[in-house]
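A.B. asks: here is my input; please provide its structure:
(one chain, ligands or ions: 1)
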Amino acid sequence: MNEVNCKSALIGCFGQPIWENPTEFMMEASFKHHHLKMRYISTEVSRENLTSAFEGVKAMGYKGFNCTIPHKQAIIPLLDGLSESAELIGAVNCVVERDGKYFGENTDGKGYLTSIQELTDPKGKKVVLIGAGGAARAIAIELALVGVREIIVVNRNVEKAQELSCHLKEKTSCESSSAQLGDNYVIPENTDIVINATCIGMYPNLTERVPVDIESFKPHMIVSDVIINPPQTSFLQEAASKGCTTLDGLGMVVNQAVICVKVWSGVDVDPRVMQQTLYVLFEIHK
Ligand code: NAP
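C.D. replies: Next up, the predicted model:
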């Protein structure tokens, strides 16, 4: 037998739930398309098992992994260091091994930014951000860093909204305020971009609705949802019915994944390969 390297670099994805997350399909398609000797494995990991799972990663020499709900903040104290943006965001969705040490990065917000920039330049815009969890924090920081004028953070747990709003004012030059996500949140009329960064409407809770006043959607607004599954949430459908331009979560998930592959392998992969995989998976015909 000739000398052949049969070993692939291992990449994981840890979360709970994980079964509705399509990242493994698009990563594997991308690795295959670009002849990258890498494998991507999604694993259901509970809060209690995160430390043991990370020990497994180190023992098996994984090159990296993604973290999703509920591990994006819990992973931080286990790591050897953070990138500047992960530090600022306070959450990690991508971990990479370098010289036997593991470092945290956050690509979520950058993925959203690339996606929204295909529709508008966020600079100077007013944003209503619904949610204050890991995805919302990443989006808020990246939008603030590119010069969004104002972000209103609206969340069920209003203390978390206040905390994120204060963090934005302290660390960036963006104006910010907070509000409670109650029964019928009214979006201010001069809002340019509305973002749902909560889990409301995520599979299998398809009929759960984001409690905003449907009459406050105005045609000049760009309304986006970060939920991946399903891509067409009831939130986006309501906004579209009022004439808004809508943006689904698939662009964000593809863009953030492209950055992750660059972090793990140094290779710039073609986002269209991942996008096509998701279109097939979700039976989207474009
Ligand atoms: P997280 O840190 O757990 O935050 C969850 C957020 O959703 C919190 O603001 C939480 O409010 C809110 N929420 C959950 N259930 C709610 C309910 N029934 N009513 C009101 N608010 C509710 O999760 P995350 O990581 O930010 O993820 C949030 C969503 O973003 C998920 O659907 C995830 O799949 C999606 N995501 C998409 C991408 C992408 O690339 N497209 C990337 C990352 C995440 P409280 O603080 O009040 O609990």
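
A.B. asks: right, is stretch 9-24 up against the ligand?
C.D. replies: No: no part of stretch 9-24 sits near the ligand under the criterion Cβ under 6 Å from any ligand atom; the closest distance found is 7.3 Å. Bear in mind the C-beta positions are built from the backbone N, C-alpha and C, glycine included.

A.B. asks: actually stretch 37-56, sorry about that
C.D. replies: No: shown here: stretch 37-56 not in contact with the ligand (Cβ under 6 Å from any ligand atom), separated by at least 11.5 Å.

A.B. asks: kindly export that stretch (C-alpha atoms) in PDB.
C.D. replies: Provided in PDB are the C-alpha atoms of stretch 37-56 (Å, rounded to 0.1, in the frame of the first residue of the first chain):
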ATOM      1  CA  LYS A  37     -10.000  16.100   4.300                       C
ATOM      2  CA  MET A  38     -12.500  17.000   7.100                       C
ATOM      3  CA  ARG A  39     -15.500  15.400   8.700                       C
ATOM      4  CA  TYR A  40     -18.300  17.200  10.600                       C
ATOM      5  CA  ILE A  41     -20.400  15.500  13.200                       C
ATOM      6  CA  SER A  42     -23.400  16.900  15.100                       C
ATOM      7  CA  THR A  43     -23.700  15.600  18.600                       C
ATOM      8  CA  GLU A  44     -26.500  16.000  21.200                       C
ATOM      9  CA  VAL A  45     -24.700  17.400  24.300                       C
ATOM     10  CA  SER A  46     -26.600  18.400  27.400                       C
ATOM     11  CA  ARG A  47     -25.600  21.300  29.600                       C
ATOM     12  CA  GLU A  48     -24.300  18.800  32.200                       C
ATOM     13  CA  ASN A  49     -22.100  17.000  29.700                       C
ATOM     14  CA  LEU A  50     -20.400  20.000  28.000                       C
ATOM     15  CA  THR A  51     -17.200  19.600  30.100                       C
ATOM     16  CA  SER A  52     -17.000  15.900  29.400                       C
ATOM     17  CA  ALA A  53     -17.700  16.500  25.700                       C
ATOM     18  CA  PHE A  54     -14.900  19.000  25.600                       C
ATOM     19  CA  GLU A  55     -12.500  16.600  27.300                       C
ATOM     20  CA  GLY A  56     -13.400  14.100  24.500                       C
END
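
A.B. asks: show me which residues of that stretch are buried.
C.D. replies: By neighbour count on 16 or more other Cβ atoms under 10 Å, the buried set for stretch 37-56 is 38, 39, 40, 42, 45, 50, 53, 54.

A.B. asks: just the strands in this protein please.
C.D. replies: 9-15, 38-44, 64-67, 81-82, 94-98, 101-105, 126-130, 150-155, 175-180, 193-196, 222-225, 245-247 (DSSP state E).

A.B. asks: is it possible to get CSV of these that adds mean pLDDT?
C.D. replies: Formatted as CSV, the strands of the chain follow (pLDDT from 0 to 100):
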stretch, mean pLDDT
strand 9-15, 97
strand 38-44, 97
strand 64-67, 97
strand 81-82, 98
strand 94-98, 98
strand 101-105, 98
strand 126-130, 98
strand 150-155, 98
strand 175-180, 98
strand 193-196, 98
strand 222-225, 98
strand 245-247, 98
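
A.B. asks: hang on, the earlier thing: greatest separation within the buried residues of stretch 37-56: which pair is it?
C.D. replies: Spanning the widest gap among those are 38 and 50, at 22.6 Å by Cβ to Cβ.

A.B. asks: now the stretch 101-250 of the chain against the ligand: closest residue?
C.D. replies: Nearest to the ligand, among the residues of the stretch 101-250 of the chain, is residue 133, at 1.9 Å (Cβ to the nearest ligand atom).

A.B. asks: hmm, the longest helix along the chain touching the ligand?
C.D. replies: Counting by DSSP state H, the longest helix found in the chain is helix 250-265. Yes: using Cβ under 6 Å from any ligand atom, helix 250-265 reaches the ligand at 252, 253, 256.
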